[in-house]
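**Student:** Fold the stuff below for me.
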Amino acid sequence: MNDQTNNANICEPPLPTGLMMALAQNMHVMTDYAKLSDAARQRLIEQASRIHSREEMQALVNNLGQFLI
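**Tutor:** The predicted structure is shown next:
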């Protein structure tokens, strides 16, 4: 890995497991996630870290567009 990749990983908080699994199940959602700004990703991660059910996580991922604003 190059230094830029290492620095990016240090700055970005780890994805909650449920969020990572939900994103991995849908390539379109994963693409939308990649388009999010750093601030939007942070808000998504914070919200995802408070979710405790698969259904809630799926609803969050299905509404990923709300973080594009």
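**Student:** can you pull the buried residues of the helix or strand that contains residue 40?
**Tutor:** Here residue 40, judged by DSSP states H and E, is contained in helix 38-48. Neighbour-count burial for helix 38-48 flags 40, 41, 44, 47, 48 (criterion: 16 or more other C-beta atoms under 10 Å). Where you see a C-beta, it was placed from the backbone N, CA and C, and this is true even at glycine.
**Student:** Which single one of the residues you listed is nearest to residue 18?
**Tutor:** Closest approach between the buried residues of helix 38-48 and residue 18, by C-beta to C-beta: residue 48, at 6.7 Å.
**Student:** Before we move on, what's the pLDDT of the nearest residue to the closest one once chain neighbours are set aside?
**Tutor:** Closest residue to residue 48 apart from its sequence neighbours, by C-beta to C-beta, 6 or more residues apart in numbering: residue 19 at 4.0 Å. Note for residue 19: predicted pLDDT of 94.
**Student:** repeat for residue 16
**Tutor:** 92.
**Student:** picking up where we left off before, count of residues packed around the residue nearest to residue 48?
**Tutor:** Residues contacting residue 19 under the criterion other C-beta atoms under 10 Å number 20.
**Student:** Same question for residue 28.
**Tutor:** Around residue 28 there are 8 residues (other C-beta under 10 Å).
**Student:** Point me to the helix or strand that includes it.
**Tutor:** Assigned by DSSP H and E, residue 28 falls in helix 27-35.
**Student:** just checking, what packs against that helix?
**Tutor:** helix 17-24 (3 or more C-beta pairs under 8 Å, 6 or more residues apart in numbering; DSSP states H and E).
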